[in-house]
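>>> I'll drop the sequence and a predicted model, then ask my questions.
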Amino acid sequence: MPITPLRQQPSWKALEQHHREIGGIHLRQLFADDPLRGERLCAQAAGLYLDYSKNRVTDETMRLLCGLARERGLEERRNSMFRGECVNVSEARPALHVALRMPRGSTLVVDGADVVAQVHSVLDRMASFARGIRSGTWTGHTGKPIRNIVNIGIGGSDLGPVMAYEALRAYTRRDLTFRFVSNVDATDFVEATRDLGPEETLFIVASKTFGTLETLTNARSARDWVVDALGSEKAVARHFVAVSTHARRVAEFGIDPANMFEFWDWVGGRYSMDSAIGLSTMIAIGPERFHEMLAGFHAMDEHFRTAPLEENLPVLMGLLVVWYSGFFGVQSVGVMPYDRYLKRFPAYLQQLTMESNGKHATLEGSVVDYDTGPVYWGEPGTNGQHSFYQLIHQGTRLIPVDLIGFGKGLNPLGEHHDILSSNIFAQAQALAFGRTEEEVRAEGTPPDAVPHRVMEGNRPTNVLLGEILTPRLLGTLVALYEHSVFTQGTVWDIDSFDQWGVELGKVLAVRITPELTSQAEPELTHDSSTNALIRRYRALKRQGLS
Ligand SMILES: O=P(O)(O)OC[C@H]1O[C@H](O)[C@H](O)[C@@H](O)[C@@H]1O
């Protein structure tokens, strides 16, 4: 059902007016006027504490934003997602990642089938396989236990598994080696397998469609690598398993469907790290901890599903992005985890946020006349502070930042963790309050240097705190961002679950590949730039730059 265009929505108009009134007020002022602001503008759920007081908002802003969410039907759309209705409109299917973490025994019937029962039946098969690998009872073709696990996949079939492996490194079996091959660049495969023995290596070919060129190319190279070394096609059965929705293609590739772990069309690639796509994670941390991670996801799902919008962490975070993007012209959002184990979290979030909300068409098919998803990026703190934070502090662009920290580190060592954490609070403080000209002068700064040292401040941050990074808290954190993305997409009236924009490049690459590999000089029918580049490439292949 078409909804009112966003900019004609009464609450959007009210926000425009409100922005004219308060958009220029400095955070210094907002804090000075309201001594309890830092205690009040915060929310907590499922082990995560969110301080959003250092945002350029007032209570009225939050009231209007929640009103906007209601007017846009966020609650109905959320309920519809949880019921398994077709919220992925352009692909005519549900987006039911929340079913992947519903507890055993609960039910959700979609099209006559209980999807929760299906989910747990696959989780059980994964658990027994993971136990087989971890205990050494699953052996390779020559009878040796598996010691190396290589996940081959790309996009959602890679970023989640890599991120989770790195994030949960403290909980992983150190006697097993995990590698991740994603890029079709041969370097990925060659470097990942260089020091591995084929007899002890298992490949997990992870692909929702089992049609992705990069993954199938890498999987074929892996099969050759195993078969050449072990001298028999039969080795494939002990050294390859698949994770996919597409049993026929898996069988055609030569992997026994008995060695396939299933998931379903209603799990989007970038929402799949808690499905069978997480098989490498489960082998690394064990089935019990994998279930703890699922419980963490579920706790945030329940919070998102039931908490009032005004106290709902993903809703608040999503609406703040809408506020900055819609009224401050913000183009990018930084996410800086102050925990090295989360070093791949920003990369993971890039797919989740940008593939979900980088859209220009509304659900109904008209072109939006407002900005949708911003660019997400980030690096672990404190490294970023010694690199690009300069621009966040004193550059000409406004970049809201999420700073993520923990009360305890996983590797206690002297004062390290307190020093690390003090940087979170210091950065949020410096970004919000800056340093005025008077303050700089009062420090005895030479007049010429004053403009360079003034820090405007008024730069927004969210601070997210948890106790310690556990599998459970990782699940909670990922679900928080998933639902924040959903909140944003709902307000913008776009489909956060499709990704049509990635298709054209794939089609063109398939057309160009034979032109690069053929021995004869092919007739080129592209634009003049593409033709020239292909000719130059072919010349470089033959003789280098002349
Ligand atoms: O899991 P697969 O089917 O191999 O897909 C892998 C990835 O490729 C696609 O191009 C999409 O952009 C991603 O959303 C997806 O995660």
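That came through fine. Numbers count the residues shown, from 1 in each chain.

>>> Where does pLDDT dip in the stretch 1-150 of the chain?
Scanning the stretch 1-150 of the chain with the threshold set as pLDDT under 70 gives 1-2.

>>> How about it: which residue is closest to the ligand?
Of the residues in the stretch 1-150 of the chain, the one nearest the ligand is E91, at a distance of 11.5 Å by CB to the nearest ligand atom. (C-beta placed from N, C-alpha, C; glycine too.)

>>> and G254, how far is that from E521?
When CB to CB, to the nearest Å is the yardstick, G254 and E521 sit 36 Å from each other.

>>> I should have written L504 there, sorry.
According to CB to CB, L504 and E521 sit 26 Å apart.

>>> could you say which helix or strand contains the residue nearest to the spatial centre of the chain?
Geometric centre of the chain, nearest residue: L349, 2.6 Å, by CA atoms, centre = their mean. Using DSSP states H and E, L349 falls within helix 345-350.

>>> quick check, distance from that helix to the centre of its chain.
For helix 345-350, the separation from the chain centroid amounts to 4 Å (computed by CA atoms, centre = their mean, to the nearest Å).

>>> Get me the contact residues on the stretch 251-400 of the chain for the ligand.
Residues of the stretch 251-400 of the chain lying close to the ligand (CB under 6 Å from any ligand atom) are 269-270, 355.

>>> Tell me which entries of those residues lie within helices.
Secondary structure defined by DSSP state H assigns none of those to helices.

>>> Which residues in stretch 374-383 does the neighbour count mark as buried?
374, 376-382 (16 or more other CB atoms under 10 Å).

>>> Can you tell me which one of these sits lowest on pLDDT?
By predicted confidence (pLDDT), the lowest-ranked of the buried residues of stretch 374-383 is G381, with 86.

>>> shouldn't it be in contact with Y338?
Yes. A contact is recorded between G381 and Y338 when judged using CB atoms under 8 Å, the distance being 4.2 Å.

>>> Can you tell me the closest non-neighbouring residue to the residue in the stretch 51-200 of the chain positioned nearest to the ligand?
For the stretch 51-200 of the chain, the nearest residue to the ligand under the criterion CB to the nearest ligand atom is G155, separated by 2.7 Å. Closest residue to G155 apart from its sequence neighbours, by CB to CB, 6 or more residues apart in numbering: G269 at 5.4 Å.

>>> wait, what's in contact with that neighbour?
Remark: with contacts taken as CB atoms under 8 Å, 6 or more residues apart in numbering, G269 is in contact with 155-157, 208, 499.

>>> Show me which of those residues is closest to D114.
Lowest distance from D114 to the contacts of G269 (CB to CB) belongs to K208, with 21.5 Å.

>>> which residues in the protein form strands?
Defined through DSSP state E, the strands belonging to the chain, from first to last, are 42-45, 48-51, 109-110, 113-114, 148-152, 177-181, 201-206, 240-244, 260-262, 332-337, 375-377, 401-406, 461-466.

>>> Can you check which of these gets nearest to K541?
Set against K541 and scored by CB to CB, the strands of the chain come closest in strand 177-181, at 24.3 Å.

>>> in that closest one, what's buried?
Taking 16+ other CB under 10 Å as the basis for neighbour counts, the residues of strand 177-181 that come out buried are 178-181.

>>> mind checking how far the nearest residue to F210 once chain neighbours are set aside is from Y324?
Taking CB to CB, 6+ apart as the measure, F210 lies nearest to R249, with 3.8 Å between them; neighbours along the chain are not counted. Distance, R249 to Y324, using CB to CB: 43 Å.

>>> Contact residues of the stretch 401-546 of the chain facing the ligand?
With CB under 6 Å from any ligand atom as the criterion, the stretch 401-546 of the chain comes near the ligand at residues 499, 502.

>>> okay, the strands of the chain in TSV with distance to A442 next?
What follows is those, written out as TSV (distance: least, CB to CB, whole Å):
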stretch	distance to A442
strand 42-45	32
strand 48-51	29
strand 109-110	65
strand 113-114	68
strand 148-152	57
strand 177-181	53
strand 201-206	59
strand 240-244	62
strand 260-262	64
strand 332-337	30
strand 375-377	36
strand 401-406	28
strand 461-466	26
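
>>> Between those, which one is closest to T137.
Among the strands of the chain, if distance is taken as CB to CB, the winner is strand 201-206, at 13.1 Å.

>>> one step back: and the residue nearest to F210, what does it touch?
With contacts defined as CB under 8 Å, 6+ apart, R249 is in contact with 209-211.

>>> tally of neighbours for the residue nearest to I468 when sequence neighbours are not counted?
Nearest non-adjacent residue to I468, counting by CB to CB, 6+ apart: K408, 4.3 Å away. Residues lying near K408 (other CB atoms under 10 Å) number 11.

>>> I'd assumed L465 was in contact with K408.
No. Using CB under 8 Å as the test, K408 is too far from L465 to be in contact (10.9 Å).

>>> Which residue would be the closest one in the stretch 351-500 of the chain to the ligand?
Closest point on the stretch 351-500 of the chain to the ligand, by CB to the nearest ligand atom, is Q499, at 4.6 Å.

>>> Check what pLDDT that residue gets.
97.

>>> ok, it - contacts?
By CB under 8 Å, 6+ apart, Q499 lies in contact with 269, 355.

>>> do that again at 10 Å, thanks
For Q499, the set of contacting residues under the criterion of CB atoms under 10 Å, 6 or more residues apart in numbering consists of 90-91, 155-156, 268-270, 351, 354-356, 358-359.

>>> repeat for A295
A295 is in contact with 46, 101, 103, 471-472, 475-476, counting by CB under 10 Å, 6+ apart.

>>> can you put the residues you listed in JSON lines and add neighbour count?
Compiled in JSON lines, the contacts of A295 are given as follows (neighbours: other CB atoms under 10 Å):
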{"residue": "A46", "neighbour count": "23"}
{"residue": "R101", "neighbour count": "24"}
{"residue": "P103", "neighbour count": "11"}
{"residue": "P471", "neighbour count": "24"}
{"residue": "R472", "neighbour count": "21"}
{"residue": "G475", "neighbour count": "27"}
{"residue": "T476", "neighbour count": "25"}
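
>>> just the residues you listed now: which is nearest Q331?
Comparing these against Q331 with CB to CB picks out T476 as the nearest, at 28.3 Å.

>>> Look up how far R93 lies from that closest one.
T476 sits 26 Å away from R93, going by CB to CB.
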